[in-house]
Structure formats: structure tokens, C-alpha cells
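Enquirer: let me see the structure of the following:
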Amino acid sequence: MSISYNERFFLLFEDLKKKGELKTYVELGKLINETKVGINDLKTERKKVSIQHIHDMKISYNSINTDYLIGTSNQLYVSSNEITQLTSATYSENSGQQETILALKETIEAKNETIAVLKALLAQKK
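Expert: You can find the predicted model right below:
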């Protein structure tokens, strides 16, 4: 019998707890934006683990393997090499975004200069 998504989620929590990275269900609840009752509902499977829960965990703990949480892997954590590759991809995406941001800032500055010149011309005509 396969392990449910909720069971996988709480196995991950227990492992993070062993490592001292999370201590209580209250901390877990804050991390994934759930109340004590919500955590209990997840634990008893009255409520299902959502993509948002998995996302919130991944944001806080980059080393967790989301493939484990969705049932396509038996590894709780990704290797440090995979983390490096993910991080590098993020940096290269950010690099392109930085170039776009700089270009947009230059455009805004140029438009602000044009506006200043037009305001000065209007002031002269009055």
C-alpha cells in the first residue's frame, strides 16, 4: 500500500523535527499558514495537503524534495548538487530580470527628463 500525501508530509515534518529545524506542530502551522485545528485535520487526513502547503515548505526548506511529497520519489531531500543547479538557474533568471529592471529605470529617467522639459516650456508660455 502506498503512503498518502499527508503521511509523506508528516514524515518530512518528523525528519525536520529530528534535525531540530522544526520543533512543534504550532511552528509547522505558522510555516504553512494553518491553525492547530488545520494541522490536526491534515494529520488525521480530514483535510488534504495542498500545493500551497508544499510550496510554503519548499520556500522555507530549499533542500526538501517536492517529488517525495507528491509521491514520485523516495528521497526526502534533494542532493546538494541539485540545490546548486536550482540556485544557479534562479540566479540566471534573476540576472535577466536585473537587466530588464535597469533598462526600465533608464526609460523612466528619460521620460522624467522629457516631462521636466515640457513643464518648463509650459511655464514659459504662461
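Enquirer: could you list the low-pLDDT ranges of this protein?
Expert: Applying pLDDT under 70 to the chain picks out residues 1, 80-96.
Enquirer: helices of that one, start to end?
Expert: Listed in chain order, the helices found in the chain under DSSP state H are 5-18, 25-32, 36-43, 51-60, 66-69, 80-125.
Enquirer: turn these into a markdown table, columns for mean neighbour count.
Expert: No exception for glycine: its C-beta is placed from N, CA and C like everyone else's. A markdown table is the format used below for those (neighbours: other C-beta atoms under 10 Å):
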| stretch | mean neighbour count |
| --- | --- |
| helix 5-18 | 17 |
| helix 25-32 | 17 |
| helix 36-43 | 16 |
| helix 51-60 | 15 |
| helix 66-69 | 17 |
| helix 80-125 | 10 |
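Enquirer: in the chain, which residue is closest to the centre?
Expert: Centroid check for the chain by C-alpha atoms, centre = their mean gives I59 as the closest residue, at 3.7 Å.
Enquirer: quick one: it from A110, how far?
Expert: 37 Å (C-beta to C-beta, to the nearest Å).
Enquirer: same question, Y61
Expert: As judged by C-beta to C-beta, Y61 and A110 stand 44 Å apart.
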